[in-house]
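**Q** below are the sequence and a predicted model for it; my questions follow.
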Amino acid sequence: MGATGADILDLSGRSVMITVMAPAKINLTLEVLAKRTDGFHEIRSVIQTIGLCDRLFFQDGETFECRSDSPGWLAEKSLIPEATRLLRETTGCSRGAVITVEKCIPLVGGLGGDSSDAAATLRGLNQFWELALPQNKLLELARQLGSDVAFFLDGGTALVEGRGELVIPLPPLPRTWVVLVIPTIPQLPEKTKQLYESLKPSHYTDGQITRRMVAKLREGGELSMSLLFNAFENVTFTRFPKLNVYRERMIRAGAPHIHQAGSGPILFTLFKDRTQAEELSRHLKEQKIKSYLAETIPSNKNS
């Protein structure tokens, strides 16, 4: 999947609209190692982009405007205006733009939609405003916006460390199908912050789980689902008891293993066989459980 769709050109050959895809992610591992002195937590995680994507459309405008028809999505609560401001301040660019966001990634579910939108904004405006910033400069700006934004500049399969801003590309995960379940539970204000604060030292690990996952990917061997791990599962199923109901319903519908996306509450399971993934997705929909079927996708550099 390319990061940028086809440009629409005016008679002079200049782009008047571009489309940039902003994919969701899942964490194959997510270990919390310790609490840092700056208030953040030290993590080690293997992250993977999937083919469930928002789309951002960039058009000329006299000023900056960001809009979407998606219910519940507010531009002022997204990172898109901040990414635009940061890019303008860095380059001195005074051009306007109208960014229209077509939301497909569920809000506040652990799939990284807002961070992906911010990365897509940096990539899109860099092209649309013809700024020609190199990748290392975009990466510097991404790290200022949020922990996952740096990962989404390239996506694919990567090891992330620090508070999530240190990204090391990995060999791509073999093509895998992902079935996501979106639980209907009340939203928790400042969810990720609260869940980090709920973690106890006993929930911290030493990073060995992620090291084993990284070694397996670099070897090119068959990925064992037993290597998947998410520290937040120690607290989310207690904070959101209804998650247990969704987990049981997924198991009854044929899910071989259940994992949580990021800080949740979205749950997922993986399949190497598309037919099995489609069958589970059909069973879930028959039970009126909101779900998505997607596949893992490579990095922007490889597409």
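**A** Looks like it came in fine.

**Q** tell me where the protein has helices.
**A** For the chain, the helices defined by DSSP state H occupy 80-91, 113-128, 135-145, 149-152, 191-198, 208-219, 233-239, 242-253, 274-286.

**Q** just send the ones you listed back as CSV, with mean neighbour count, distance to Leu170 and mean pLDDT too.
**A** Just so you know, the C-beta spots here come from the backbone N, C-alpha and C atoms, and that holds for glycine as well. Listed next are the helices of the chain as CSV, based on neighbours: other Cβ atoms under 10 Å; distance: least, Cβ to Cβ, whole Å; pLDDT from 0 to 100:
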stretch, mean neighbour count, distance to Leu170, mean pLDDT
helix 80-91, 18, 25, 96
helix 113-128, 26, 18, 97
helix 135-145, 17, 17, 96
helix 149-152, 28, 11, 97
helix 191-198, 16, 24, 90
helix 208-219, 17, 5, 95
helix 233-239, 17, 23, 93
helix 242-253, 16, 27, 95
helix 274-286, 16, 23, 96
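
**Q** which of those helices sits closest to Pro172?
**A** Nearest of the helices of the chain to Pro172, taken as Cβ to Cβ: helix 208-219 at 8.3 Å.

**Q** how far is the closest one from where the chain is centred?
**A** Here helix 208-219 is found 21 Å from its chain centre; the criterion is Cα atoms, centre = their mean, to the nearest Å.

**Q** which residues does it contact?
**A** Contacts to helix 208-219, defined as Cβ atoms under 8 Å, 6 or more residues apart in numbering, come from residues 28-29, 31, 44-46, 157, 159, 170-171, 173, 223-224, 227-229.

**Q** what is the nearest of the residues you listed to Trp129?
**A** Among those, Thr157 lies closest to Trp129 (Cβ to Cβ), at 30.0 Å.

**Q** mind checking pLDDT for the closest one?
**A** We have a pLDDT of 97 for Thr157.

**Q** my guess is it contacts Thr29. True?
**A** No. Assessed by Cβ atoms under 8 Å, Thr157 is found out of contact with Thr29, at 11.6 Å.

**Q** any shared contact partners between these two?
**A** Val46.

**Q** quick one: contacts for the closest residue to Leu141 other than its chain neighbours?
**A** Computed as Cβ to Cβ, 6 or more residues apart in numbering, the closest residue to Leu141 that is not its neighbour in sequence is Leu86, at 5.4 Å. By Cβ under 8 Å, 6+ apart, Leu86 lies in contact with 141, 144-145.

**Q** next one: Asp148
**A** Counting by Cβ under 8 Å, 6+ apart, Asp148 makes contact with 25, 47, 112, 115-116, 160, 164.

**Q** 6 Å instead?
**A** Listed by Cβ atoms under 6 Å, 6 or more residues apart in numbering, the contact partners of Asp148 are 112, 115, 164.

**Q** which of those lies closest to Leu293?
**A** Distance to Leu293 across these (Cβ to Cβ) is lowest for Gly112, with 18.4 Å.

**Q** am I right that the closest one is in contact with Ile26?
**A** No. Between Gly112 and Ile26 there is no contact under Cβ atoms under 6 Å: 8.8 Å.

**Q** ok, Val101 to Ala120 distance?
**A** The spacing between Val101 and Ala120, counted by Cβ to Cβ, to the nearest Å, is 9 Å.

**Q** who's in contact with the closest residue to Gly96 other than its chain neighbours?
**A** Using Cβ to Cβ, 6+ apart and skipping residues adjacent in sequence, the residue nearest Gly96 is Gly61, 4.1 Å away. By Cβ under 6 Å, 6+ apart, the contact list for Gly61 reads 96-98.

**Q** now Trp177
**A** When contacts are taken as Cβ under 6 Å, 6+ apart, Trp177 is in contact with 271, 274, 277, 295.
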